[in-house]
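Colleague: Have a look; sequence and predicted model below, questions after that.
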Amino acid sequence: MKIAHSLKDLPPKKKSVVTIGVFDGVHTGHQKIMQMVKESARKLGARSVAVTFATNPVEVLHPEKSIPRITTLEQKLNLIAAQGIDLAVVLPVEEEVISMLPEEFVSTILVKGLSTVKVIVGTNFAFGRGRAGTPQMLSALGRKMGFETIAVEPVKVGEIPVSSTAIRSLISAGQVETASRFLGHPFVMCGRVIHGDKIGQTLGFPTANIDPAERIVVPDTGVYAVRTTVRGKEYTGVLNIGVRPTLGGRKTSIEVYIIAFSGNIYGEDISIAFHNKLRREVQFPNLEALKAEIQRDVERAVRLLG
């Protein structure tokens, strides 16, 4: 997949089938639209394009609103590429872009920039200054400027519409299994290994303390079965988020015991895919009871994930 990081970097003109959105998490709803884009592009002899943003525009328009991210930009682009999209256009969230009126947005980006023949978006899509543009407006502008617009209803899991907002809430509540069904893939936290107090070593379960990527949503406190990717290789692991009350902790930490791994990875970036919540964080009467419970956590993680 080719990536353009600004309007100036757009590749030579070629007719395009386009979708537009923040695409945080690249969830099942996004995936459905991208597959429609890819199929339409194939039929029309066009390229498939996903137009997204370097960050959520809401963060710039309303800095008082703190919206945690499901994916980093790098993760998002990798997930879009996995859908088979030909070109991703990453718009910078700056005045030149966010101040565009809907008509200017369509004319500059879709028509002049991408030679768009069809646009496929969700029914809740909004664009242009103040998010004034709607799918209905986009359809009307398309009729004037020579492209077709299709608005797609949200995908549902059960009776619940899939959305990035709903997924953030699920992850924050520790409901990672349900979040995975909404996403179509596990929630993956990227972070850097930092120095901790090394208490895990004394318990026989040395852990890697994680400093998560900036503004990434963090699951609720508890113990999770995870798959951890270190230096390109995947390992089963047990991850704890919490204050470690048995050890007298007060500050929340994120630490993962990576099963069957040894080595110095301080300062390295790793990724952690959350598969199951094993239990809530509790205070044990002594260290021996804690060690026994951690051993049971490890055995459960291995049974679940191998």
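Modeller: Yep, it's here. Numbers count the residues shown, from 1 in each chain.

Colleague: how about low-confidence regions in the stretch 101-250 of the chain?
Modeller: Applying pLDDT under 70 to the stretch 101-250 of the chain flags the ranges 198-202, 248.

Colleague: tell me the strands in it, going along the chain?
Modeller: 116-122, 148-152, 156-157, 160-161, 187-194, 208-212, 222-230, 233-242 (DSSP state E, counting those that start in this stretch).

Colleague: what lines up beside the first one in the sheet?
Modeller: Take DSSP bridges as the rule and strand 116-122 pairs in its sheet with strand 16-20 (parallel), strand 148-152 (parallel).

Colleague: what does the third one give?
Modeller: Applying DSSP bridges, strand 156-157 is found paired with strand 160-161 (antiparallel).

Colleague: now the partner strand: how far from the chain's centre is it?
Modeller: 18 Å (Cα atoms, centre = their mean, to the nearest Å).

Colleague: now stretch 290-301
Modeller: With Cα atoms, centre = their mean, you get 29 Å for stretch 290-301.

Colleague: which parts of that stretch are buried?
Modeller: 290, 291, 293, 294, 297, 298, 300, 301 (16 or more other Cβ atoms under 10 Å). Using the backbone N, CA and C atoms, a C-beta is placed for each residue, glycine as well.

Colleague: Please tabulate these in TSV, including the columns distance to residue 84.
Modeller: Listed next are these as TSV, based on distance: Cβ to Cβ, whole Å:
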residue	distance to residue 84
290	47
291	47
293	44
294	42
297	38
298	38
300	36
301	33
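
Colleague: Out of these, which sit inside helices?
Modeller: Per DSSP state H, helices hold the following members of the buried residues of stretch 290-301: 290, 291, 293, 294, 297, 298, 300, 301.

Colleague: before we move on, back to that, out of the strands of the stretch 101-250 of the chain, which is the most enclosed?
Modeller: strand 116-122 (a mean of 23; mean count of other Cβ atoms under 10 Å).

Colleague: got a list of contacts for that one?
Modeller: Strand 116-122 has contacts (Cβ atoms under 8 Å, 6 or more residues apart in numbering) with 15-21, 29, 33, 36-37, 40, 44, 46, 49, 110, 135, 138, 142, 146-154.

Colleague: Now the buried members of these.
Modeller: 16-21, 29, 33, 36-37, 40, 46, 49, 110, 135, 138, 142, 147, 149-152, 154.

Colleague: And stretch 178-198, how far out from the chain middle?
Modeller: 10 Å.

Colleague: got it, and stretch 170-178?
Modeller: The chain centre lies 14 Å from the centre of stretch 170-178; the measure is Cα atoms, centre = their mean.

Colleague: before we move on, what about stretch 210-226?
Modeller: Using Cα atoms, centre = their mean, the offset of stretch 210-226 from its chain centre is 13 Å.

Colleague: Output that stretch as CSV, nothing but the C-alphas.
Modeller: Included here for stretch 210-226 are C-alpha records, laid out as CSV according to Å, rounded to 0.1, in the frame of the first residue of the first chain:
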residue,chain,number,x,y,z
ILE,A,210,5.3,-1.2,29.9
ASP,A,211,5.0,2.5,29.1
PRO,A,212,2.2,2.5,26.6
ALA,A,213,2.1,4.6,23.5
GLU,A,214,0.9,8.1,24.0
ARG,A,215,-2.9,8.5,24.5
ILE,A,216,-3.6,4.8,23.9
VAL,A,217,-6.7,3.5,25.7
VAL,A,218,-5.7,1.3,28.7
PRO,A,219,-7.9,-1.6,29.8
ASP,A,220,-9.4,-1.7,33.3
THR,A,221,-7.3,-3.1,36.2
GLY,A,222,-7.0,-6.8,36.3
VAL,A,223,-5.1,-9.8,34.9
TYR,A,224,-5.2,-10.7,31.2
ALA,A,225,-4.1,-13.5,29.0
VAL,A,226,-2.1,-11.9,26.2
